[in-house]
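**Q** curious how this folds, go ahead:
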Amino acid sequence: MNVPTHALRLRAAVPGCLLACSALLLTACGTDKGTEVSAAAAQTGSPTSTASPTGSPSPTDTATSLTDDQAERRALVPAATVTWNDAADTAVGEVSGSKLVEIELTRSENGATSTPSPSPSPSPSPSPGTPVWAAEVATEDGTVHIVHVDASSGEVLRSEQETDQDADDKRRIADRLAEAEVTAQQAVTTATGRTDGTVTAVQLDNDDADRLIWSVDVVTQADWNKTTFDIDATNGEILREQVDRD
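**A** The predicted model follows:
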């Protein structure tokens, strides 16, 4: 039987087509398997994972472990380049014949600090949140003056007389200043000799037993805790030591 020539050519082409189709199917299957393997690897964790090694907390972990007060100390204390004693000297020098009653590291608020009007070249008021040493100094008769000192530049930002004092208030302050035989600097030396850190507050006051004391706050930068010392202002003895871990 004679088979037409074009039929023979068609039969010869069929095996080639079948081989090509088989190759395409194998390639597609290989691609699908590769995709499945990659997806599985992504689900189980790839070698490029950036997880921190066990036992090594990241800086974010350390920051989030602080309380609100500790975080505030961590932000505020390093920003104050002027020490408490330099700020206290500036405040006392601002009011003739005065002595330190209290000083504390805090932040400025809107309208809380302003350059005294007599200044010939007033400086701009600090932005809210700027570190400030808020000091109270008093003259011999007990009259208190409020002096704010920029904790970064050491400039006086505010200096004015306390207007809410009555005669009893002035007498109480005058009596404390006259009775104190230990200076603020001596009290701070005693406190920092017990706990090494940054002094953030010093205050002349009476404790619950009506003893005259210097209250000194010391912040340790290893944990940002604050330790408060009550030091007898007549003999320098430590009466109380309390750590604030909040």
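**Q** helices along this protein, start to end?
**A** 5-44, 59-64, 68-76, 84-94, 167-179, 184-194 (DSSP state H).
**Q** mean pLDDT lowest where, among those?
**A** Here those differ in mean pLDDT, and the lowest is helix 5-44 at a mean of 42.
**Q** domains for the chain, by residue range?
**A** Per automatic domain parsing, the structural domains of the chain span 1-38, 74-244.
**Q** give me whichever of these is most buried.
**A** Among the domains of the chain, domain 74-244 has the highest mean neighbour count (mean count of other C-beta atoms under 10 Å), at a mean of 17. (C-beta placed from N, C-alpha, C; glycine too.)
**Q** and that one, how far apart are its ends?
**A** Using C-alpha to C-alpha, to the nearest Å, one end of domain 74-244 lies 14 Å from the other.
**Q** before we move on, the earlier item: in CSV: the domains of the chain, plus distance to Thr67.
**A** Formatted as CSV, these follow (distance: least, C-beta to C-beta, whole Å):
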stretch, distance to Thr67
domain 1-38, 44
domain 74-244, 9
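**Q** so which of those domains is nearest Ser65?
**A** When the domains of the chain are compared by C-beta to C-beta, domain 74-244 sits nearest Ser65, at 10.2 Å.
**Q** hmm, Gly142 is touching Ala178, no?
**A** No - judged on C-beta atoms under 8 Å, Gly142 makes no contact with Ala178 at a distance of 9.5 Å.
**Q** over to the closest residue in space to Asp169 that isn't next to it in sequence: give its phi and psi.
**A** Using C-beta to C-beta, 6 or more residues apart in numbering and skipping residues adjacent in sequence, the residue nearest Asp169 is Gly142, 7.2 Å away. Torsion angles at Gly142 (phi, psi; degrees, to the nearest 10) stand at phi 90, psi 0.
**Q** for Gly142, give its distance to Asp164.
**A** Distance of Gly142 to Asp164, given as C-beta to C-beta, to the nearest Å: 13 Å.
**Q** need the contact list for Glu181.
**A** Contacts for Glu181 (C-beta atoms under 8 Å, 6 or more residues apart in numbering) come out as 233-235.
**Q** do you know how far it is from Gly236?
**A** Remark: distance between Glu181 and Gly236 (C-beta to C-beta) = 8 Å.
**Q** what do you get for Val243?
**A** 21 Å.
**Q** Ala91 too?
**A** Counting by C-beta to C-beta - Ala91 and Gly236 are separated by 23 Å.
**Q** again, but for Leu204
**A** For Leu204, the distance to Gly236 (C-beta to C-beta) stands at 14 Å.
**Q** swap in Glu94?
**A** 28 Å.
**Q** can you check Arg172 too?
**A** Taking C-beta to C-beta as the measure, Arg172 and Gly236 are separated by 22 Å.
**Q** about what we covered before: just the closest of the contacts of Glu181 to Trp214, please.
**A** Taking C-beta to C-beta as the measure, Trp214 lies nearest Ala233 of those, at 5.2 Å.
**Q** contacting residues for that closest one?
**A** Ala233 neighbours (C-beta under 8 Å, 6+ apart): 176, 179-182, 187, 204, 212-214.
**Q** now Arg171. Nearest residue, chain neighbours left out?
**A** Gly142 (6.0 Å).
**Q** can you pull the contacts of the one you found?
**A** 165, 169-175, 177.
**Q** TSV for the residues you listed, including distance to Asp208?
**A** Listed next are these as TSV, based on distance: C-beta to C-beta, whole Å:
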residue	distance to Asp208
Gln165	23
Asp169	20
Lys170	23
Arg171	21
Arg172	16
Ile173	19
Ala174	22
Asp175	18
Leu177	21
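**Q** against Glu162, how distant is the residue nearest to Arg211 when sequence neighbours are not counted?
**A** Closest residue in space to Arg211, ignoring its immediate chain neighbours: Asp232 at 6.3 Å, by C-beta to C-beta, 6+ apart. To Glu162, Asp232 is 26 Å away according to C-beta to C-beta.
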